[in-house]
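Enquirer: Provided below for reference: sequence and predicted model.
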Amino acid sequence: QVQLVESGGGLVQAGGSLRLSCAASGRTFSSYAAGWIRQAPGKEREFVGATIKSGSSTLYADSVKGRFTISRDNAKNTLYLQMNSLNVEDTAVYYCAADQSLHSIVVVSPASWGQGTQVTVSS
């Protein structure tokens, strides 16, 4: 499995932006689909978005489509999540995820998880 470490979380006002990073190690990152999953207080974990191994195609949850952008730099073994137009409903712990299968990330069952980073959006 690949090891994942997120960074970049914090407190931001509604309407603001934040960029999360996920550093991968241990295996060849380019061999994995990767994405983001979040968990809001009192709710189940939900799929945010994911990208295929090359990064040439991405998939997003309807709730973030048009506001969030996922990208990856395989040369740096890093995945990114650019979050714009944040609202209070985006408050959650954000987890980086990786799996050989993109589908596994979409159904919130990836083989590899990061430890999570807190994103809090204030009104």
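Expert: Perfect, I can see it now.

Enquirer: Dead centre of the protein: give me the residue that sits there.
Expert: Closest to where the C-alpha atoms of the chain average out (Cα atoms, centre = their mean) is residue 36, at 2.3 Å.

Enquirer: Could you give the number of residues near residue 97?
Expert: Around residue 97 there are 27 other residues, counting by other Cβ atoms under 10 Å. Every C-beta, even on glycine, is put in place using the N, C-alpha and C of the backbone.

Enquirer: now swap in residue 63 and tell me
Expert: Counted with other Cβ under 10 Å, residue 63 comes out at 14.

Enquirer: what's the closest non-adjacent residue to it?
Expert: residue 89 (7.6 Å; Cβ to Cβ, 6 or more residues apart in numbering).

Enquirer: what's the burial count for the one you found?
Expert: Number of residues near residue 89 (other Cβ under 10 Å) recorded here: 10.

Enquirer: and it, what does it touch?
Expert: The neighbours of residue 89, taking Cβ atoms under 8 Å, 6 or more residues apart in numbering as the test, are 40, 63, 121.

Enquirer: ok, now residue 18?
Expert: If you count contacts by Cβ under 8 Å, 6+ apart, residue 18 has them with 8, 9, 10, 12, 83, 86, 119.

Enquirer: among those residues, which two are most distant?
Expert: 8 and 86 (12.9 Å; Cβ to Cβ).

Enquirer: Could you check which of those two has the larger neighbour count?
Expert: Comparing residue 8 with residue 86 by other Cβ under 10 Å, the one with more neighbours is residue 86, at 22 against 16.
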